[in-house]
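[1] 3D, please:
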Amino acid sequence: MGLRGTLVLALLVALGAAILVYEGAGSSPNARAPGAPGEHLTTEDAKVVPPLLTFHPEEIDEIVLRSDGHQVTAKRERGKWPPTTPAGAVADFLENLSGIGELMRLESSPDHLRECGLDPPRGEIELHRGKGEPIVVLLGERNPPATGAYVRVGRDGHIALAGSLILWEFDKAYKALGGKGPEA
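    This is a model prediction of the structure:
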């Protein structure tokens with residue numbers, strides 16, 4: 001490429017750069033939707049999802065998981081979970097469970113319980129603390145797009161839609177605790 005071609009190419013690159021700078025300077029920060037790639041969300045942009053359950057993993061000293069008529073249990077003794085479970089399985093379960101949000105509340109009619117797979121429930125989580133009533137979550141089916149799961153907080157509490165991660169976490173913990181049959 002000769003001198004003339006190089007100059008034409010340099011002129012085109014400079015013109016393209018000038019157009020990009022001009023368009024960028026004229027656009028407002030609100031021209032893009034919040035959450036566009038590369039853009040940081042503020043608390044005003046993000047919808048705050050309330051937690052499904054309110055507890056600290058350190059305060060739980062026993063968990064009971066039930067599924068298909070079978071039950072598995074893990075009890076913390078002297079601050080440690082049983083060594084028979086895979087390392088960190090119970091602690092990870094509690095940590096992840098404490099971070100699951102309640103996406104929306106739903107009506108609690110008997111028909112709705114059946115539709116959500118909560119009559120009877122697919123599984124049950126029971127968390128015991130040193131004092132007070134246990135925290136109970138009944139697990140239902142996934143919602144139609146499979147992005148969430150229907151749950152009931154308490155045996156007679158409200159029905160909610162939680163992230164489907166709750167079912168995966170339950171299954172993982174249930175298997176880690178030997179959930180293949182009734183507790184011996």
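[2] so what's residue 61 up against?
    The neighbours of residue 61, taking CB atoms under 8 Å, 6 or more residues apart in numbering as the test, are 75, 76, 128, 129, 130. To be clear about C-beta, it is placed using only N, CA and C from the backbone, and glycine gets the same treatment.
[3] Below-threshold pLDDT in the chain: ranges please.
    The chain contains residues with pLDDT under 70 at 1, 3-47, 181-184.
[4] before we move on, back to that, buried ones among the contacts of residue 61?
    Listed as buried from the contacts of residue 61 are 76, 128; burial here means 16 or more other CB atoms under 10 Å.
[5] what's the closest of the contacts of residue 61 to residue 137?
    Residue 137 has its nearest neighbour among those in residue 128, at 13.1 Å by CB to CB.
[6] Quick one: residues contacting that closest one.
    Residues near residue 128 by CB under 8 Å, 6+ apart: 60, 61, 62, 63, 64, 134.
[7] Just put the contacts of residue 61 in a markdown table and tack on secondary structure and distance to residue 53.
    Shown next, in a markdown table, are the contacts of residue 61 (DSSP: H, G, I helix; E, B strand; the rest coil; distance: CB to CB, whole Å):
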| residue | secondary structure | distance to residue 53 |
| --- | --- | --- |
| 75 | strand | 19 |
| 76 | coil | 18 |
| 128 | strand | 13 |
| 129 | strand | 12 |
| 130 | coil | 17 |
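[8] Can you add distance to residue 111 and give the contacts of residue 61 back as CSV?
    As requested, the contacts of residue 61 are exported to CSV (distance: CB to CB, whole Å):
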residue, distance to residue 111
75, 38
76, 39
128, 32
129, 34
130, 38
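[9] Does residue 154 touch residue 136 like I think?
    Yes: in this structure, residue 154 is within contact of residue 136 by CB atoms under 8 Å, at 5.4 Å.
[10] just the strands in this protein please.
    For the chain, applying DSSP state E gives strands covering 60-67, 70-75, 102-106, 123-129, 135-142, 148-153, 159-163.
[11] how about the ones you listed, which one is nearest residue 2?
    Closest approach to residue 2 among these (CB to CB): strand 159-163, 62.6 Å.
[12] packing partners for the closest one?
    When contacts are defined as 3 or more CB pairs under 8 Å, 6 or more residues apart in numbering; DSSP states H and E, strand 159-163 sits against strand 102-106, strand 148-153.
[13] and that strand, which strands flank it?
    Strands that pair with strand 159-163, judged by DSSP bridges, come out as strand 102-106 (antiparallel), strand 148-153 (antiparallel).
[14] Pull the number of nearby residues for the nearest residue to residue 110 once chain neighbours are set aside.
    Distances taken as CB to CB, 6 or more residues apart in numbering put residue 119 closest to residue 110, at 7.0 Å, once the chain neighbours are dropped. Number of residues near residue 119 (other CB atoms under 10 Å) recorded here: 14.
[15] I appreciate the help and will end here.
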